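**Q** model this:
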Amino acid sequence: MTEKDFIPGKAGTLPEKGTISWQAPSNIALVKYWGKRPGQLPTNPSVSFTLDTSATRTTVKYRRVATPSGVPTFQIFLDGVEAPHFADKISTFFERISIYQPFLGAYKLEIRTENTFPHSSGIASSASGMAALSLCLMDLERAIYPDLKEELFKKKASFLARLGSGSAARSIEGGLVEWGRQESIPGSSDLYGIPYPFEVHSIFRSFQDTILLVDKGEKQVSSTVGHGLMQGHPFADSRFDQARQHLDGLRPVLQEGDLPAFISLVESEALSLHAMMMSSNPYFILMKPGTLEIINSIWAYRRETGTPVCFTLDAGANVHLLYPEENKEVVSAFIQEELLSYCQDGQYLKDQVGSGALRL
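**A** Got it, this is the predicted structure:
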């Protein structure tokens, strides 16, 4: 599919008013994308676990206006309180999608959103937030175009979400989601995420993700800035090739349930991501001392017990602890006994692989 496939035809009857609610999950990438091309397109493909309980719930109330404009007028509320500091981001999003949903200019929108996870908890709310908003907008589009097929609905929701936050493209579907063109993956696209199309061993369908909150403060370098620093990065091309190779290498690992190979690849990806940050110009470090202490503790615990637990990292200090559901009890004890002391205020979040977005 191309961008033109997401431009709708002549609009049908526009509903006067209504209310739509969706919940969309966050996700954690196993093979990371780091670096963007114009149009919120990734410089390399990626694949992620969709999370379950870490999600954003968004309600959109819409009402037709007497004098339509190019983009909708809107108010946005976070946890019941008007949040004007998000207005610029949402305005930019609406400008980007105006060609794909031109009917939005006929509406005034009231957007109310809330996260199921605490603020500043290290979960990427931009992914779940833009996905939930895009699904609400797609529901409005479906009311105008009732013949809209479900497959196109999901692809376009992912397409729109990507224009708000790149990784949001992976927050529509459940399980494992791939985003970015890869010759070896049928149906893959830079424009939207797709369900991982190959066989996946049952052990990965219920994988656990415990997020250890090392630092809940604001990052000193935003992900947007970090992506930009990949332009002209001395190791950029090697990194993009590495990600593509890892994505291909993950296929037999996921199919066979090869936990040692999974651990090696996922941890390598996490450290490669942060190596790019530390070798950019200007360089920066998002890991904290507690991050490194947790990583060393995981390595020691795995070496001593053989428990197949590993870590991955987003663009921040917090650690995602990944492990099979069958090891839930022993890993919980490990967290309590050895890792909580490195978490800010002893806080962490328990999550697992989830089934994707849900209409409320």
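**Q** so the chain: which segments form each domain?
**A** Taking automatic domain parsing as the reference, the chain has its domains at 3-199, 202-352.
**Q** which stretch among those domains comes nearest L360?
**A** Of all those, it is domain 3-199 that lies closest to L360, at 3.9 Å by CB to CB. Using the backbone N, CA and C atoms, a C-beta is placed for each residue, glycine as well.
**Q** how far does the closest one stretch from start to finish?
**A** 29 Å (CA to CA, to the nearest Å).
**Q** and what of stretch 282-298?
**A** Termini of stretch 282-298 sit 30 Å apart (CA to CA).
**Q** just the pLDDT for H119.
**A** Note for H119: predicted pLDDT of 66.
**Q** centre of the chain to the helix or strand bottoming out on mean pLDDT in the chain, how far?
**A** In the chain, no helix or strand scores lower on mean pLDDT, DSSP states H and E than helix 223-228, which sits at a mean of 93. Relative to the chain's own centre, helix 223-228 is displaced by 15 Å; criterion: CA atoms, centre = their mean, to the nearest Å.
**Q** helix or strand right after that helix?
**A** helix 236-256 (DSSP states H and E).
**Q** quick one: contacts of that following helix?
**A** Helix 236-256 has contacts (CB atoms under 8 Å, 6 or more residues apart in numbering) with 30-35, 43-47, 176, 178, 182, 184-185, 196, 198-201, 204, 230, 233, 258, 261-262, 265, 268-269, 272, 276.
**Q** same thing with stretch 3-12?
**A** When contacts are defined by CB under 8 Å, 6+ apart, stretch 3-12 is touched by residues 99-103, 141, 144-146, 156, 159-160, 191.
**Q** now do stretch 315-332: distance from first to last residue.
**A** 25 Å.
**Q** which regions of this protein sit below the pLDDT cut-off?
**A** Applying pLDDT under 70 to the chain flags residues 119-124.
**Q** longest strand of it?
**A** In the chain, with assignment by DSSP state E, the single longest strand is strand 46-64.
**Q** that strand to helix 236-256, inter-axis angle?
**A** For strand 46-64 against helix 236-256, the angle by axes from the mean of the first three to the mean of the last three CA atoms, to 10 degrees is 90 degrees.
**Q** next SSE downstream of strand 46-64?
**A** That would be, after strand 46-64 and using DSSP H and E, strand 73-78.
**Q** same for that following strand, what does it pack against?
**A** helix 87-97, strand 107-115 (3 or more CB pairs under 8 Å, 6 or more residues apart in numbering; DSSP states H and E).
**Q** ok, residues contacting the longest one?
**A** Contacts of helix 87-97 from elsewhere in the structure, counted by CB under 8 Å, 6+ apart, are 40, 71-72, 74, 76, 104, 111, 130, 133, 137, 160, 163-164.
**Q** which one (most neighbours) among the residues you listed?
**A** L137 (30 neighbours; other CB atoms under 10 Å).
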